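1. just to be clear, the model below is a prediction. Sequence and coordinates:
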Amino acid sequence: MTRTHKLKTAVAGLVAAGALALGATAQAVTLDAGVFNSTLGSQANPVVINVPDPGNPGGSGIFLDTINFDLGSFTHFNMTSTAPGIASFGVPIFENNGDTEVVAAQASFSNQPLADLGLSRDYHLHPQGLAGVGAGYTLTLWGSNAPVVPIPAAAWLFGTGVAGLVGLARRKMAVLA
């Protein structure tokens, strides 16, 4: 009797999950952010993508969008997002060569290094989540080059110390000669 009850409970759970899956409407938008360069996709002039309602227009639902882009001469990718009213919002980065995920979903990226794959659009983003009624999102994308790492003060101090020792050694050699 308990076995039959467990089977009925499992079947009822599967039916409920199927009904929820059919009730949620999945939507998809495919956009092209272009090839980043000094005038488009730079920090001074980022690409701004505004998707006002990724779920059903006037409704809500699960969405998985695609945004293709190419960093051009830039070596690092940056992105900020605003997604009010969207649950579980995330944006993973995929290579367009084989559709392989290279960076897990995040709401923003800062100086994310991405290699040039030699394709017309090397990478794509997959903004995804569960949109409430009238919810939308905005992505701001730009490329940058490797951040300049300053030489720490210890390196300068070490260099001047070595130069001082070289000067003392020369002076001593001049006295001995």
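-> Nice, thanks for sending it over.
2. in stretch 110-123, what counts as buried?
-> 112, 114, 122-123 (16 or more other Cβ atoms under 10 Å). Every residue, glycine included, has its C-beta placed from N, CA and C.
3. quote the end-to-end distance of that stretch.
-> Start-to-end span of stretch 110-123 (Cα to Cα, to the nearest Å) is 16 Å.
4. what does it contact?
-> With contacts defined as Cβ atoms under 8 Å, 6 or more residues apart in numbering, stretch 110-123 is touched by 32, 35, 68-71, 75-78, 93-97, 102-103, 144, 146-147.
5. so which of the residues you listed sit within strands?
-> Judged by DSSP state E, the subset of the contacts of stretch 110-123 located in strands is 32, 35, 68-70, 76-78, 93-95, 102-103, 144.
6. name the member of these with the most neighbours.
-> For these, the largest neighbour count, defined by other Cβ atoms under 10 Å, is 26 neighbours, found at residue 69.
7. how close does it sit to residue 86?
-> For residue 69, the distance to residue 86 (Cβ to Cβ, to the nearest Å) stands at 21 Å.
8. show me where this protein has helices.
-> 2-23, 153-176 (DSSP state H).
9. where among those helices is the average confidence lowest?
-> For the helices of the chain, mean pLDDT drops lowest on helix 2-23, to a mean of 53.
10. for residue 34, grab the count of nearby residues.
-> Neighbours of residue 34 (other Cβ under 10 Å): 15.
11. could you check how many residues crowd around the spatially closest residue to it that is not a sequence neighbour?
-> Of all residues not flanking residue 34 in the chain, residue 40 sits nearest, at 5.8 Å (Cβ to Cβ, 6 or more residues apart in numbering). If you count neighbours by other Cβ under 10 Å, residue 40 ends up with 15.
12. done for today, thanks.
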